[in-house]
Structure formats: C-alpha cells, structure tokens
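Quick check, what structure comes out for this input:
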Amino acid sequence: MNVEQKLSKNKFSVDEGNPHISVDSSRLDADTIHALTVVCPAGLYSLGERGELHFDAAGCLECGTCRIVCAGHPGAMSWTHPRPSFGVTYRFG
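Reported below is the predicted structural model:
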C-alpha cells in the first residue's frame, strides 16, 4: 500500500470558518513560500497564477511541518490544534 492509499483511509472533520492554521504570506520570503509547497506531506500549500500562496486546512495531517518551516518568521503563521471532534482521525497503522 503506497502513501496516497494510506492517507485516503484517514477521516477529516473540517471546522468550517475556524481553521486551525492561518498564514500571512506577506511576512514570508520566497524561499519559505516555496518550502511550504514542497514539504507539506498532504500537499495543502500551492501557488496561484500570480505566485500567491494558497492553503486549504481540509486534509491537514496536523504534523506541524509548516509550523517548523515558518518558525523563523514571527507572526507569519498561527497554528493551533483543532477544536475537539475536529481534525484528522488516523485509520491506518
């Protein structure tokens, strides 16, 4: 079973209107923005047509990788655990 198949077994309860991660890309440099699009294991960060950073909290694995990438940029990211009954429920392993 490959990684994508394992990830597809997880259950995600999205807290609409109250994401547990918010990103202020104006506080990030180009290298950090690029890193976010590469290191997220769920592939939730992407670049728009004009190079703007997009993030979708649905499907977040809550691993904290993006938090580490943004650690050198104070105020660029707000990362908290989802509220109770929201977030990822792992179903494999």
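
Contacts only, for residue 72.
Residue 72 makes contact with residue 32 under the criterion CB atoms under 8 Å, 6 or more residues apart in numbering. C-beta coordinates here come from the backbone N, C-alpha and C atoms, glycine included.

okay, it: pLDDT?
In the prediction, the pLDDT value recorded for residue 72 is 95.

For residue 53, see how far away it is.
If you measure residue 72 against residue 53 using CB to CB, to the nearest Å, the figure is 16 Å.

So which residues make contact with the helix or strand of the chain with the lowest mean pLDDT?
Least confident helix or strand of the chain, by mean pLDDT, DSSP states H and E, is helix 3-8 with a mean of 78. With CB under 8 Å, 6+ apart as the test, helix 3-8 has contacts from 41, 42, 61, 92, 93.

which one among those gets closest to residue 84?
Of all those, residue 84 sits closest to residue 61, with 17.9 Å by CB to CB.

That closest one: what secondary structure?
Classification of residue 61 using DSSP: H, G, I helix; E, B strand; the rest coil returns coil.

From residue 49, how far out is it?
When distances are taken as CB to CB, residue 61 and residue 49 turn out to be 27 Å apart.

who has more neighbours, those two?
When residue 61 and residue 49 are compared for neighbours, residue 61 comes out ahead with 16 against 5, by other CB atoms under 10 Å.
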